[in-house]
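In: Structure here, sequence nowhere to be found:
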């Protein structure tokens, strides 16, 4: 699989990575089936796995996805040296809801839990899951800088941030990656300049929900523009959209989720799909309704 730079001072990773979230939420597969999805992703050439402490059912299940990733890597017979595992802290799951907590003490505790769940001494890429409006961003990022200085994390990443927030964080600690939503339905990462800013600064952009997530990705196979391109290239509508997202910058890495081996393998195929300029523009110009 083709690779792209993860970010400054970080090695290249596969242009398509695996988003672990669907393997740990409601209707999640069995552990053996989930491990098979992760193994299929690795066998297809993926070298980036994105997880989080809150990819779970609720606060009583914190770390489920991290433990799953650790188990899968422990059982994989292939080489693991090149595999980068990225996780996140800064959210909680009370009663299954999603709430922000960017307090430095919470981030320190969350990092320690993630270290234990992943079974490592140092997390390769640790990301602030989202800014907490009740906590100064400088305090949250400062906690990540302290964790980096302590050797508990190697690289710092941000998620769900604006250009101004990236610039503020960069004044405190080197920022290796930014993870924001990007798909044809939601293009705010393009329209607000986040992708371009990251490219200019040598920051890897990890595109989450690259096919729309949940309900919206089911609309892609019947979308006239996407369906025509999929038919022309003999591939899936999802692969076409992943290729479009990757075309938005040399620093863009997509991290689609998968619940089945087939979905993981299909996502990996997008790395070798080449769309022409005219084909990419046809997606640019098409309407993608969220209704």
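Out: Alright, I've got the coordinates. Because the structure is a prediction, the values reported are computed rather than measured.
In: backbone phi and psi for residue 127, please?
Out: Residue 127 adopts backbone torsions of phi -120, psi 140, taken as degrees, to the nearest 10.
In: where's the nearest residue to it once chain neighbours are set aside, which helix or strand?
Out: Once flanking residues are discounted, residue 127 sits nearest to residue 157: 3.5 Å by Cβ to Cβ, 6 or more residues apart in numbering. Every C-beta, even on glycine, is put in place using the N, C-alpha and C of the backbone. Using DSSP states H and E, residue 157 sits within strand 153-159.
In: Can you spell out which helices and strands pack onto the following helix or strand past that strand?
Out: For strand 153-159, the succeeding helix or strand toward the C-terminus, using DSSP H and E, is helix 163-170. Using 3 or more Cβ pairs under 8 Å, 6 or more residues apart in numbering; DSSP states H and E as the contact test, the elements touching helix 163-170 are helix 137-149, strand 153-159, strand 175-181, helix 194-201.
In: by contact count, what packs against the strand holding residue 157?
Out: Helices and strands touching strand 153-159, by 3+ Cβ pairs under 8 Å, 6+ apart, are strand 84-89, strand 123-128, helix 137-149, helix 163-170, strand 175-181.
In: picking up where we left off before, beta-bridge partners for the residue nearest to residue 127, please?
Out: residue 127, residue 177 (DSSP bridges).
In: That one is in contact with residue 128, isn't it?
Out: Yes: here residue 157 lies in contact with residue 128, judged by Cβ atoms under 8 Å, at a distance of 7.4 Å.
In: what are the ranges of the strands in the stretch 151-291 of the chain?
Out: 153-159, 175-181, 204-208, 252-254 (DSSP state E, counting those that start in this stretch).
In: Which stretch among the helices and strands packed on helix 163-170 approaches residue 27 most closely?
Out: For residue 27, the closest of these is strand 175-181, at 21.7 Å, according to Cβ to Cβ.
In: which other residues reach that closest one?
Out: Defining contact as Cβ atoms under 8 Å, 6 or more residues apart in numbering, one finds that strand 175-181 is touched by 6-10, 50, 86, 88, 125, 127, 155-161, 166, 169, 188-189, 194, 198, 201, 203-209, 255.
In: Appreciated, that's everything.
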